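> Mind looking at a prediction? Sequence and model below.
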Amino acid sequence: MRTENGRIIHLADYRRTDFVLERVDLTFELDPTATKCTSRMLFHRRDDAAADAPLVLDGDELTMTGLLFDGMSMEPERFTEEDDVLTIRDLPATGSFEITVETEINPEANTKLMGLYRTNGIYCTQCEAEGFRRITYFYDRPDVLCVYTVNIIADRKSCPLLLSNGNFLGGAGYGEDLHFAAWFDPHPKPSYLFALVAGDLGVVEDAFTTMSGREVALKIYVEHGKEPRAAYAMDALKRSMKWDEEVFGREYDLDIFMIVAVSDFNMGAMENKGLNVFNDKYVLADPETATDQDYANIEAIIAHEYFHNWTGNRITCRDWFQLCLKEGLTVYRDHEFSADQRSRAVKRIAEVRHLKAEQFPEDAGPLAHPVRPTKYREINNFYTTTVYEKGSEVTRMIATILGRDLFKKGMDLYFERHDGDAATIEDFVKCFEEASGRDLSQFSLWYHQAGTPLVSLSSSYDQSKGRLTLDIEQMVPPTPGQSAKEPMHIPLRFGLLSADGSEACPSSVDGAEMTGDVLHLTKRRQTVTFAGIGARPVVTLNRGFSAPVNLHFEQSPADLAHVARHDSDLFARWQALNDLAMPNLVEASRSARAGKAVEVNPLLAETLVMLAADPALEPAFRAQALALPSEADIARELGSNNDPDAIRAGREAVLAAVASAGKATFVQLFDAHSPSGPFAPTAEAAGQRALRNAALAYLAIAEATPARAAGTFAEAGNMTDLSAALTVLAHRFPDAAETARALETFRSRYADNALVIDKWLSIQSTIPGEAALGRVKALLQSPDFNRKNPNRMRALVGTFAFSNPTGFNRADGEGYRFLAEQILEIDRKNPQLAARILTSMRSWRSLEEGRADHARNALRQIAAADKLSPDVSDIVERMLKG
Ligand code: TRP
Ligand code: ZN
């Protein structure tokens with residue numbers, strides 16, 4: 001199996017290898033431009049493999065300098081090296097034999113950041129998904145597991161640190177200037193989990209005693225001088241280890257666990273066995289340079305990578321179609337961890353916001369694919385929000401359907417049965433079926449059918465019979481390659497609220513299975529009746545967002561306000577507030593487009609302000625309540641023919657109405673939550689800051705002057721408040737002298753901290769309106785902008801395209817033309833990064849005709865370019881198709 005331009009890989013073609021790889025010994029002689037890698041692999045032929053079947057190994061841009069069979073140079077007629085594949089013939093039918101492959105690698109020239117590369121003088125590797133084949137010819141696929149011994153030889157001065165997976169065997173000097181280190185990883189693993197790091201780094205050390213009393217050394221490596229900024233990551237790591245023992249019964253399994261932070265990285269982090277490699281953005285934090293969001297991200301990603309040790313490493317994937325087996329499950333685990341460490345309801349609201357902002361558009365556009373796809377051209381393009389976030393939601397639904405105890409029983413069975421395996425989604429689901437006795441075959445459609453289901457409901461209440469009836473219809477929209485869909489098993493958490501806010505309990509339910517407060521929808525259409533309901537209740541649906549669906553349920557503003565005020569589920573209260581706001585926002589955008597005055601239901605502002613002021617609610621929740629649906633949320637609700645300028649104008653009118661209705665409250669909130677005492681990155685303290693900064697944003701509108709934000713900026717004692725104030729200044733008062741001064745103060749204060757400068761870039765790239773493009777171009781041209789660094793590129797170009805609807809979607813199409821040029825340029829160096837930034841155009845078809853034409857032309861311009869990477873050509877072709 002291999003990915004190549006134009007070639008499609010199918011799940012149905014899965015076949016085991018003909019040979020078993022028993023073990024591998026790797027020796028690296030590190031050099032910036034000419035690293036030597038010697039790989040000695042011990043193989044034997046499988047009993048059921050043909051006796052003449054050749055050994056076929058994967059490569060990618062390799063220079064092979066030697067090939068040996070049992071230590072002897074191989075005759076040229078026994079092998080071919082063609083199209084990145086090494087084929088070796090005439091191998092023994094029985095018994096073990098050794099193949100040695102010698103390659104020469106240029107880490108300095110590796111701009112794709114896949115395989116072995118250099119970042120700030122540090123050698124590091126990234127092998128998932130298919131990076132190991134850029135180091136040596138190998139069975140580079142997740143179902144080939146073996147034990148690794150790794151020897152690293154390098155310059156003693158520039159590389160005092162030599163790291164790889166597993167446990168340290170020993171090291172020694174080696175000649176005058178060199179030294180070497182040997183590592184052995186006793187846990188069989190696939191090649192994508194291999195890692196090597198070498199260089200000169202500082203370290204933070206700690207230890208963890210596992211539940212069975214074993215002592216594990218913990219080490220986080222960062223650039224010299226940055227050690228203090230790794231303290232929070234270390235704390236998060238220890239809490240993760242403890243939590244996984246307590247909640248999932250999972251214990252760590254090596255003597256040492258290491259994390260290395262690097263500044264050039266294509267994604268967030270990587271779970272290599274015992275040696276996680278991180279984008280430094282998700283390790284480094286202190287109050288002066290990191291926001292509360294940064295702290296939350298660090299905690300979540302440290303946990304995520306650590307949790308992979310069981311869900312991903314001990315149990316890995318049979319093939320890349322099963323990616324959600326490790327990613328969806330591990331996201332679910334890190335979500336649960338954060339929920340336990342922080343506020344569960346607020347965490348859930350943030351998750352759902354993210355899911356709706358990222359996954360729902362993916363599922364509704366040309367890039368939609370099932371959680372478990374059946375074909376791909378470029379696997380790098382399937383590390384998507386569908387595989388990760390929807391995959392997590394699917395796991396969460398299994399927990400909802402089974403209940404806590406049976407879910408735990410199923411997880412335990414999965415760990416017990418599949419430890420050491422390369423497993424499939426079917427293996428996973430089977431464990432829950434066996435643990436619970438429940439048939440999950442209809443439920444499994446969640447893995448196979450793409451598209452966000454739409455559930456439409458209508459209710460009627462019969463006073464004389466004391467009966468509530470719900471007519472429910474579900475529909476899964478067509479997606480690329482899937483036109484007709486089957487009805488799904490949708491678990492909806494559900495409640496009936498009485499007029500006083502208490503819960504009405506039906507005496508019987510007919511027409512659908514109900515377990516606890518979960519209503520199980522399984523048919524295209526079903527009518528559900530609830531008997532014994534004395535007075536008309538208000539229905540509250542999908543509490544806790546138990547199913548990732550769109551709901552269509554006409555409820556009066558009064559009913560929604562009732563749920564927003566009284567539901568027992570905080571998530572449902574937030575959702576009701578959104579549902580109350582949405583028709584206003586949609587109407588406002590229509591009015592703005594038609595040039596009519598915008599009217600806002602006073603109940604919206606009233607309810608919103610009331611919740612924001614309620615001292616019984618936690619501040620973090622109140623801050624979430626104040627954040628109206630975004631411009632992108634409104635665009636999604638409208639569905640098609642979108643005009644981002646009208647959406648913004650309408651939303652601005654609604655914001656202005658809320659700001660003026662709530663002005664007095666916002667002043668109070670702002671004053672009451674002034675920072676006091678030393679900074680703490682706790683969820684409670686972060687909530688206070690979030691609420692105050694939400695009030696500040698409304699006050700900037702109500703007061704129509706930059707004074708308050710400028711004052712906040714001047715006094716801010718931490719990055720959360722500082723960047724929130726700068727955002728208000730830049731977005732609300734882009735031309736004010738105060739803004740220019742604040743931007744300059746910020747830039748000069750943090751000029752030597754690239755991660756903070758990324759915030760400065762993002763804030764400017766998201767200033768709404770036509771002028772944004774000019775600013776982005778100017779920033780891109782500035783002499784200190786480093787185009788090669790993925791974080792810089794994402795902060796400026798990525799944020800502009802993903803998060804500035806009016807700036808990017810300019811009516812004249814200049815935003816799209818700019819992006820096309822950038823994509824082509826980035827693609828020459830780093831295809832993975834280019835492909836990912838390009839997905840910002842995934843919703844282009846829902847734009848109004850003029851913009852859609854410009855967008856199509858820009859995509860065609862990309863498609864027509866020569867020497868496109870498989871990554872970009874796969875994305876652009878899917879976006880243009882259909
Ligand atoms: N497996 C990693 C995670 O989710 C992510 C990952 C996949 C990755 N491919 C990558 C990271 C390439 C960096 C580069 O934790
Ligand atoms: Zn992951």
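Yep, that arrived. Ligands and ions are numbered 1, 2, ... in the order given.

> so where do the strands sit in the stretch 1-150 of the chain?
With strands called from DSSP state E, counting those that start in this stretch, the stretch 1-150 of the chain shows them at 9-10, 19-29, 35-45, 55-58, 63-69, 72-73, 79-82, 85-88, 96-105, 115-119, 122-126, 146-155.

> Which one, of those, ends up nearest to ligand 1?
Ligand 1 sits nearest to strand 122-126 of all those, at 4.7 Å, using Cβ to the nearest ligand atom. Where you see a C-beta, it was placed from the backbone N, CA and C, and this is true even at glycine.

> which residues touch the closest one?
The contact list for strand 122-126 (Cβ atoms under 8 Å, 6 or more residues apart in numbering) reads 30, 35, 107, 113-118, 131, 135, 154, 159, 194-201, 260, 262, 265-266, 270, 272, 277.

> for residue 216, phi and psi?
phi -110, psi 130 (degrees, to the nearest 10).

> Please apply the same query to residue 189.
Reported as degrees, to the nearest 10, the phi and psi values for residue 189 are phi -150, psi 160.

> Kindly compare burial across the strands of the stretch 1-150 of the chain and name the winner.
Ranked by mean neighbour count, those are led by strand 122-126 with a mean of 26 (mean count of other Cβ atoms under 10 Å).

> and residue 644, what is it in contact with?
So residue 644 contacts 631, 635, 805, 806, 809, 847, 851 (Cβ under 8 Å, 6+ apart).

> Any of the residues you listed buried? List them.
With burial judged by 16 or more other Cβ atoms under 10 Å, the buried subset of the contacts of residue 644 is 631, 635, 805, 806, 809, 847, 851.

> and the two most separated of those residues?
Maximum pairwise distance among these (Cβ to Cβ): 14.2 Å, between 631 and 851.

> burial of residue 210, as a residue count?
Counted with other Cβ atoms under 10 Å, residues neighbouring residue 210 total 15.

> Equivalent analysis for residue 520, please.
Residue 520, neighbours per other Cβ under 10 Å, totals 17.

> Am I right that it sits in a strand?
Yes - counting by DSSP: H, G, I helix; E, B strand; the rest coil, residue 520 falls inside a strand.

> Settle this for me: it is touching residue 509, isn't it.
No - using Cβ atoms under 8 Å as the test, residue 520 is too far from residue 509 to be in contact (10.6 Å).

> quick revisit: take the strands of the stretch 1-150 of the chain and lay them out in CSV including mean pLDDT.
Listed next are these as CSV, based on pLDDT from 0 to 100:
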stretch, mean pLDDT
strand 9-10, 98
strand 19-29, 98
strand 35-45, 99
strand 55-58, 98
strand 63-69, 98
strand 72-73, 98
strand 79-82, 98
strand 85-88, 98
strand 96-105, 98
strand 115-119, 98
strand 122-126, 98
strand 146-155, 98
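
> quick one, which of these is nearest to residue 755?
Checking the strands of the stretch 1-150 of the chain against residue 755 by Cβ to Cβ gives strand 115-119 as the closest, at 14.2 Å.

> Indicate whether the closest one makes contact with ligand 1.
No - applying Cβ under 6 Å from any ligand atom, one finds strand 115-119 separated from ligand 1 by no less than 10.8 Å.
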